[in-house]
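Asks: how would this look folded up:
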Amino acid sequence: MRKRVVTALTAAAVAAVTAASVTAASAQTAPAFGYHKVRTAIPKQAAHFRVTSPDLARGTFPAASYADAFGCTGGNVPPRLSWSGAPAGTRSFAVTMFDPDAPTGSGFWHWSVRDLPATATSVPVGAAAGVNDAGTAGYLGPCPPAGDRPHHYEITVLALDVPDAGVPATASPALVSFALGSHVLAYARLTATATS
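Replies: Numbers count the residues shown, from 1 in each chain. As a prediction, the model looks like this:
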């Protein structure tokens, strides 16, 4: 009986040491930040239409579209977009750029343009853009932290059933997304990657 208890205790101790070793090894190879899925702001029943960009044809950003902040020295030029096929009943468009890979726990909004007319097929030069998550108005290009994995930037065009978002110009992108969520008729999306 005593031999079995000792054997069981020895096996438990070996298992504990092995688990601790695996955990320590994983900690050394794991990224500094964990990842979790961020809930989408687009209703499941929303239809799809088409958006393209000559600047993102390869699935990556040109140097001119990278940020000119946070240690990056890009031109902070928003990518050109062109969309078509939005449904009848569209009364305005909004455009967003969101990085779900940002190590913030809530992603990072880089661009929020809204109240584009229903006749728009691109973002007009000089279109009024709301604030991004850096607190500045307009487009803020990608600039992933040095050494981080590639980030995926979701550029989304929303076809809306209202002529305007009904939120202040200084509203956060998260608030804008929340306000627009119940007005989305359809959406079009491009995803492009960027690395440090």
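
Asks: counting neighbours, what do you get for Gly105?
Replies: For Gly105, the neighbour count with other CB atoms under 10 Å is 9. (C-beta placed from N, C-alpha, C; glycine too.)

Asks: got the domain ranges for the chain?
Replies: Taking automatic domain parsing as the reference, the chain has its domains at 1-30, 47-194.

Asks: of all the ones you listed, which gets the most neighbours per residue?
Replies: Among those, domain 47-194 has the highest mean neighbour count (mean count of other CB atoms under 10 Å), at a mean of 17.

Asks: ok, Ala46 touching Leu185?
Replies: Yes. Using CB atoms under 8 Å, Ala46 is in contact with Leu185, at 6.7 Å.

Asks: turn the domains of the chain into a markdown table, including distance to Arg39 and mean pLDDT.
Replies: Formatted as a markdown table, those follow (distance: least, CB to CB, whole Å; pLDDT from 0 to 100):
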| stretch | distance to Arg39 | mean pLDDT |
| --- | --- | --- |
| domain 1-30 | 24 | 41 |
| domain 47-194 | 10 | 94 |
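
Asks: quick one: which of the ones you listed is nearest Val38?
Replies: Closest approach to Val38 among the domains of the chain is made by domain 47-194 (5.0 Å; CB to CB).

Asks: so how far is the closest one from its chain's centroid?
Replies: Relative to its chain's centre, domain 47-194 lies at 9 Å (CA atoms, centre = their mean, to the nearest Å).
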